[in-house]
Every structure is written in C-alpha cells, then in structure tokens.
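Enquirer: Build me a structure from this.
(2 chains)
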Amino acid sequence: MNFLDALQISGSGMSSQSARMNVIATNLANAEATRTPEGGPYKRKEVIFGSVPFKEVLEGQNKSLISESKVMGVIEDTRAPQMKYDPGHPDADAQGYVALPNVNVIQEMVNMMLASRSYEANVTAVQTTKDMAMRALEIGK
Amino acid sequence: MGIDIFGGVIGTMERALNLRAAKHGAILSNLANMDNPNYKGFDIMVEEEMQKSLNRGGGLTLDTTNKGHIGLKGQAGAPAVAIPQSEQVFGDGRGKAIDRDKAMVDLARNAVMYTASAQIISRKFEALKQAIQDGRS
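Expert: Coordinates of the predicted model:
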C-alpha cells in the first residue's frame, strides 16, 4: 500500500461527497421552484455512489479489494409533487392547487450533515496518511 | 557464518509497517466508500498475521508423526488475508457494513501503531550506529 495511492482513495471519497453536497444544494435552492425548462415543478435529485476496484490490498493477492469511490449518476426522485392550496398562484390548477417540488427540506438538511461528516472523515484520513508518511521518513534521520 | 544484524527486530518491524500500511489502505477504502450501500467493507488482522509470521520464523515447530497431523510448515508463505467485515443491514436494507465511528478509531489506532513500529526501527538503527562508532555517539 503506497501512501500516494492512499491519498488518491481519500481524495475520491472527498470528491464524491462534494458532488453529493452540490446536489443537496441544488435541491435546497429549488425547494420552491414551480417552473422548470422541462415543465412542471422541480424534481428532487439524488446521487448514486459506486465503488471502482483500485488495487490489491496486499501483493500477490489477486483481488482488488481497495476501492475508489465514484459518483455513478444522479437520479430524479419519482415521488409525486406536494400539492398546496393557493388559488392566487399563477401556476395553480383549476382546483386552486399548486404543485410544489417533492423536496423535503429537513431530509436535505440531514443528508447535508451526513455528507459533511463523511467528508470530514476523509479529511482526517488524509491527515493521518500524511503523519504516517512523515513518520516513515523520520526513520532515516 | 555472519551475524544477522539487520534481520531480527528490523525485519519484524518492517513486516509490521507493511501490514499496517495495508490496513491503512483498507480503512481508507472503507471510509471513502462509506455511503455506497453496495460496498462491502474489509479489514486486515495485523496482530494475527504478525503472530503467524513469528510462529514461522521463531523456532517453534510441530512434529507431524501421523499424516493427519498439521505441521506449522503448512503456513509458510501463506499471504495475509483480508477479512470482510460482518454485514449488518439496517432499516430499509440500504445500511451497510461500515461503522464510521469504528473506522475512525481504527484509523487513529493503526497510525499510532505504525508510528510505534517506525520508532522502534529508528532506535535500532541508532543503536547500530553507536556500535559502529565504538560507542561514541
């Protein structure tokens, strides 16, 4: 296990989490958007994480267990939009209901905290990797 | 017959450093893929592996007087095994085997043990240097 590879793995985790953060920010920013280019209210997005085998953990073991994290794609939440009674709204239907995005702000906030914790974990891992590499270099002192 | 001055402690500690670095990689992989529900975590048992290699090299042997007996020779060259972490499924089945708190504790513990091994090698070299220089430091 090379320390440069170690940094790359933690980096992949960090970039996945920031991609997740971008999607959460998009959901929060558009939580009230009733008009989109494709028509209708904004639909909540979610990232799908995948693991890409990186390299074998110990030499001679022909299995790539160590994996990088990767964002495989962004999907749309298929849940129905929230209906709110607001007859004065320009996008209200004949019954006076407005279709608002299927974004639950509390759920997004919780997701944001999880993303932030995961990001922090990877940052700590980078710090630890750096410390370990420095220790190894100090053997020669 | 020469005296193996670099073999003993330094060799053992070198193996410990290699195993610790491998374990570090495993922990990093687990942390980076923590939010992927399909990822299966794994671990490397450094202490067990060290014990095994000590048994191999440390003059401890088992006689095999019956073909059903298992000698210690059989372990020679056996590579360290990466053990999958136990699977735990939470709630909607999207939870996964990696416990982030445990992973963070493992990360810190592994780094401390790595530092300890590195320091032991460092001290050993210092001692060798002193011996080379006739005890003058």
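Enquirer: Spell out which residues of chain B are next to chain A.
Expert: Counting by CB under 8 Å from any CB of the partner chain, chain B comes close to chain A at B:17, B:20-22, B:24-29, B:31-39, B:42, B:44, B:79-80, B:82, B:100, B:103-104, B:107-108, B:111, B:114-115, B:118-119, B:121-122, B:125. Quick note: C-beta positions are derived from backbone N, CA and C, even for glycine.
Enquirer: Would you mind writing the CA trace of the one helix or strand residue B:52 maps to as CSV?
Expert: Residue B:52 belongs to helix B:46-57 when assigned by DSSP states H and E. Taking Å, rounded to 0.1, in the frame of the first residue of the first chain, the C-alpha atoms of helix B:46-57 are listed here in CSV:
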residue,chain,number,x,y,z
VAL,B,46,-2.3,-7.2,11.6
GLU,B,47,-1.8,-8.8,15.0
GLU,B,48,-2.9,-12.3,13.8
GLU,B,49,-0.6,-12.0,10.8
MET,B,50,2.4,-11.0,12.9
GLN,B,51,1.7,-13.9,15.3
LYS,B,52,1.7,-16.3,12.3
SER,B,53,5.0,-15.0,10.9
LEU,B,54,6.5,-15.2,14.4
ASN,B,55,5.4,-18.9,14.6
ARG,B,56,7.0,-19.5,11.2
GLY,B,57,10.4,-18.0,12.0
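Enquirer: give the contact list for the most centrally placed residue in chain A.
Expert: For chain A, the residue nearest the mean C-alpha position is residue A:20 (1.7 Å; CA atoms, centre = their mean). For residue A:20, the contact set (CB atoms under 8 Å, 6 or more residues apart in numbering or on different chains) comprises A:47, A:49, A:71, A:111, A:115, B:35.
Enquirer: would you list these in JSON lines and tack on secondary structure and distance to residue A:65?
Expert: Formatted as JSON lines, those follow (DSSP: H, G, I helix; E, B strand; the rest coil; distance: CB to CB, whole Å):
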{"residue": "A:47", "secondary structure": "strand", "distance to residue A:65": "24"}
{"residue": "A:49", "secondary structure": "strand", "distance to residue A:65": "17"}
{"residue": "A:71", "secondary structure": "strand", "distance to residue A:65": "21"}
{"residue": "A:111", "secondary structure": "helix", "distance to residue A:65": "28"}
{"residue": "A:115", "secondary structure": "helix", "distance to residue A:65": "25"}
{"residue": "B:35", "secondary structure": "coil", "distance to residue A:65": "18"}
